[in-house]
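[1] Sequence plus predicted model, see below.
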Amino acid sequence: MTAVTDAPAGGSAPAHGDLGWLHIHDRVVEKIAAQAAREVAEAGSARPRVLGRSLPGVGRFGIRRADQGAAPTASAAIEGSVTRIELSISVRWPASIPEVTARVRDRVRARVSDLTGLRVQEVGITVTDLVTDRTPASRVH
């Protein structure tokens with residue numbers, strides 16, 4: 001779905017001096033939201049990574065290594081000039097999950113609203129991992 005802003009009332013042609021319509025695709029809002037969430041230091045990607053590459057489905061095999069440097073997963077639904085955003089993030093241990101999610105929510109709302117002109121109705125956040133900086137000890141000796 002796309003957002004339509006500055007549309008003329010009643011479906012009539014734009015008046016002289018109007019610039020027309022602006023269509024914003026869901027994917028654009030998703031990328032803005034993911035980048036905005038990434039700007040919060042304690043938040044990171046929720047995508048499992050193997051050998052530095054994000055691979056879909058590897059999490060179900062027990063391979064879970066989230067990347068704090070990568071952007072979180074985001075999805076957006078736009079209806080008119082209002083959007084709802086869903087994020088999946090990881091949080092760096094020992095940061096407070098409620099504090100980090102509140103900062104992410106505020107940052108995403110502000111950035112999406114400022115850059116697109118859309119009103120952000122809701123930002124849902126799922127925390128999938130707590131990430132530590134410590135590497136696990138080797139299990140094979």
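    Right, received. Where do you want to start?
[2] Quick one: low-confidence residue ranges for this protein.
    Applying pLDDT under 70 to the chain flags residues 1-17, 47-69, 133-141.
[3] That one: strands as residue ranges?
    Ranges of strands in the chain, per DSSP state E, are 2-5, 22-25, 43-45, 49-50, 53-54, 73-79, 82-92, 119-131.
[4] from what I can see Arg103 touches Ala37, true?
    No: between Arg103 and Ala37 there is no contact under C-beta atoms under 8 Å: 9.3 Å. Where C-beta positions appear, they are placed from N, C-alpha and C, glycine not excepted.
[5] hmm, back to that, next, format the strands of the chain as JSON lines and append mean neighbour count and distance to Val108.
    Listed next are those as JSON lines, based on neighbours: other C-beta atoms under 10 Å; distance: least, C-beta to C-beta, whole Å:
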{"stretch": "strand 2-5", "mean neighbour count": "15", "distance to Val108": "16"}
{"stretch": "strand 22-25", "mean neighbour count": "15", "distance to Val108": "15"}
{"stretch": "strand 43-45", "mean neighbour count": "25", "distance to Val108": "10"}
{"stretch": "strand 49-50", "mean neighbour count": "15", "distance to Val108": "22"}
{"stretch": "strand 53-54", "mean neighbour count": "12", "distance to Val108": "21"}
{"stretch": "strand 73-79", "mean neighbour count": "19", "distance to Val108": "8"}
{"stretch": "strand 82-92", "mean neighbour count": "22", "distance to Val108": "6"}
{"stretch": "strand 119-131", "mean neighbour count": "16", "distance to Val108": "5"}
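[6] Tell me the residues that contact both of Arg103 and Ala37, please.
    Contact criterion C-beta atoms under 8 Å, 6 or more residues apart in numbering; residues shared by Arg103 and Ala37: Ala43.
[7] Between those two, which is the more surrounded one?
    A count of neighbours by other C-beta atoms under 10 Å puts Ala37 above the other of Arg103 and Ala37, at 30 against 18.
[8] Leu87 is in contact with that one, correct?
    Yes: assessed by C-beta under 8 Å, Ala37 is found in contact with Leu87 at 5.6 Å.
[9] tell me what the longest helix anywhere in the chain is packed against?
    What stands out as the longest helix in the chain, according to DSSP state H, is helix 97-116. On a contact count with 3 or more C-beta pairs under 8 Å, 6 or more residues apart in numbering; DSSP states H and E, helix 97-116 meets helix 26-38, strand 43-45, strand 82-92, strand 119-131.
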